[in-house]
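Student: quick one, what's the 3D model for this:
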Amino acid sequence: MDVVMPQLGETVKQGTVAVWRKKVGDRVEKDEPLFEVSTDKVETDIPAPAAGVLSAILVPEGETVPVGTRLAVIEVAGEVRSAPSAAAPATPVATGAAPPPAPAARPAPPFRREEGGPRLSPVVRRLLDEHHLDPAAVTGTGADGRITRDDVLAHVARTQREATPAAGDATVVPMNRIRRLTAERTARSVAVSPHVLQAVEVDFSAVDAARRASADAWKSSEGFSLTYLPFVARAVCEAIGEFPHVNASVRGESLLVHPHVNLGVAVDLGFEGLVVPVVKHAQRRTLGELARELRALAEKARRRALSPDDLAGGTYTLSNSGPFGTLLTAPIIQQPQVAILSTDGVRKRPVVVEGPDGDAVVVHPVGVLAQCFDHRAFDGAYSAAFLKRVREILERRDWSAELT
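Tutor: This next block holds a predicted model:
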């Protein structure tokens, strides 16, 4: 049975084989993780399509190939076929009626063999060149002793630790792929967009009243507790209807205002990085629907099960640091969007309220909503008016009516 590069989303045309979980000759079980694929949006494990023996690996780690390309062969009991040579070039498997035309010439191999040494993928060659390493100095743990990307990074970290005068005082931690992508994208965003920060305090008494009133019934029916996040998401989507330029992208000297709110929500991956899955057409969702979808996307992200489509198309983003009790966060805009909102911690604080007998000091749950916006898209007055409207919705809405 052929193993092919899967279609990981409607917008994805190719993928990179990041890691092979098995070696040639290993027994594999159906649905057991066989290899890891990375794209510019996500990394995910791909399960074996059938049980059998991995008889050939046609595409090495680090190689990027089109969707449908033959990556490996699994010999399945009872299946009659001739095993292809491991050296044969990988070719896309036909998905239509006609097979693809044969190439005019055999493509160059995706790796080279160093003089008297192991085969090296393009990613490994680049890392070796960057760190001025001799391949013979690196121990390979891949198939047939091949050097993998992780082998090079582990060798670099070990060498740097040994070379550090104060050994034990410092630990070299190579950035993982998500960390590198985050570094690249945030640095580019700060360079491209003139960031401005504005923040408002919000009294979450109305939200808290609805959460308390429905807490038991909601958790019994849904299996999880209501947080502040879906309430903020609902208020943001409604306010965007009145301030549509917040939900836009800069294109040249124009502002591209989006007709739908595709709401991105940052999800922490156990301090190893973050991803931003997207709730499509969030303005159409009820409070309950938003709560369910936000929960489902967060769980999917932490299982490393997001598809590229789950991460595509965002038009406005929420950065949720509230569970950590933060006071104020200045988030970085997700390009090409023009604004991002941080939802920080909600705490009980003394609040002055006006009553028929004058002012009184009471204790209410209060939190800060902080928006960073691209000053090219609009000015501070527009942003401030949007934040004011979000606050009004959160403070004055009868939220219990949306949870019945």
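Student: which residues in the chain form helices?
Tutor: 122-130, 149-163, 177-192, 205-222, 229-242, 287-302, 308-311, 380-396 (DSSP state H).
Student: return the set of buried residues in the shortest one.
Tutor: This means helix 308-311. Residues of helix 308-311 classed as buried: 308, 309, 310, 311 (neighbour count, 16 or more other C-beta atoms under 10 Å). Glycine gets a C-beta too; all of them are placed from N, C-alpha and C.
Student: next one: the second one
Tutor: Buried residues in helix 149-163, counting neighbours by 16+ other C-beta under 10 Å, are found at 149, 151, 152, 153, 155, 156.
Student: surely residue 192 touches residue 334?
Tutor: No: using C-beta atoms under 8 Å, residue 192 makes no contact with residue 334, being 11.6 Å away.
Student: these two: which has the busier surroundings?
Tutor: More neighbours surround residue 334 than the other of residue 192 and residue 334, with 21 against 14 (other C-beta atoms under 10 Å).
Student: not counting sequence-adjacent ones, nearest residue to the more buried one?
Tutor: residue 317 (4.8 Å; C-beta to C-beta, 6 or more residues apart in numbering).
Student: now for that neighbour: which residues touch it?
Tutor: Residues counted as contacts of residue 317 (C-beta atoms under 8 Å, 6 or more residues apart in numbering) are 263, 264, 265, 266, 276, 331, 333, 334, 337, 339, 340, 341.
Student: of the residues you listed, grab the buried ones for PyMOL.
Tutor: To isolate the buried members of those in PyMOL, using 16+ other C-beta under 10 Å:
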select buried, resi 263+264+265+266+276+331+333+334+337+339+340+341
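Student: out of the contacts of residue 317, which comes closest to residue 283?
Tutor: residue 263 (8.4 Å; C-beta to C-beta).
Student: got the confidence number for the closest one?
Tutor: The per-residue pLDDT reported for residue 263 equals 98.
Student: neighbours around the nearest residue to it once chain neighbours are set aside, how many?
Tutor: In space, and not counting its chain neighbours, residue 263 is closest to residue 282: 3.8 Å by C-beta to C-beta, 6+ apart. Applying other C-beta under 10 Å, we find 25 residues neighbouring residue 282.
Student: and what of residue 33?
Tutor: Counted with other C-beta under 10 Å, residue 33 comes out at 15.
Student: quick one: pLDDT of it?
Tutor: For residue 33, pLDDT reads 88.
Student: quick one: residues contacting residue 44.
Tutor: 8, 36, 37, 304, 305, 306, 307.
Student: buried ones from these, can you make that a PyMOL selection?
Tutor: In PyMOL, this line selects whichever of those come out buried by 16+ other C-beta under 10 Å:
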select buried, resi 8+36+37+306+307
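Student: which residue is nearest the centroid of the protein?
Tutor: Nearest residue to the geometric centre of the chain (C-alpha atoms, centre = their mean): residue 275, 2.6 Å.
Student: got the buried residues of helix 308-311 as JSON lines, with pLDDT and distance to residue 203 columns?
Tutor: Listed next are the buried residues of helix 308-311 as JSON lines, based on pLDDT from 0 to 100; distance: C-beta to C-beta, whole Å:
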{"residue": "308", "pLDDT": "81", "distance to residue 203": "39"}
{"residue": "309", "pLDDT": "85", "distance to residue 203": "38"}
{"residue": "310", "pLDDT": "90", "distance to residue 203": "34"}
{"residue": "311", "pLDDT": "89", "distance to residue 203": "34"}
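Student: closest one of the residues you listed to residue 221?
Tutor: Among the buried residues of helix 308-311, residue 310 lies closest to residue 221 (C-beta to C-beta), at 25.0 Å.
Student: wait, the closest one sits on residue 276?
Tutor: No: using C-beta under 8 Å, residue 310 is not in contact with residue 276; the gap is 9.6 Å.
Student: ok, residue 243 - contacts?
Tutor: So residue 243 contacts 382, 385, 386, 389 (C-beta under 8 Å, 6+ apart).
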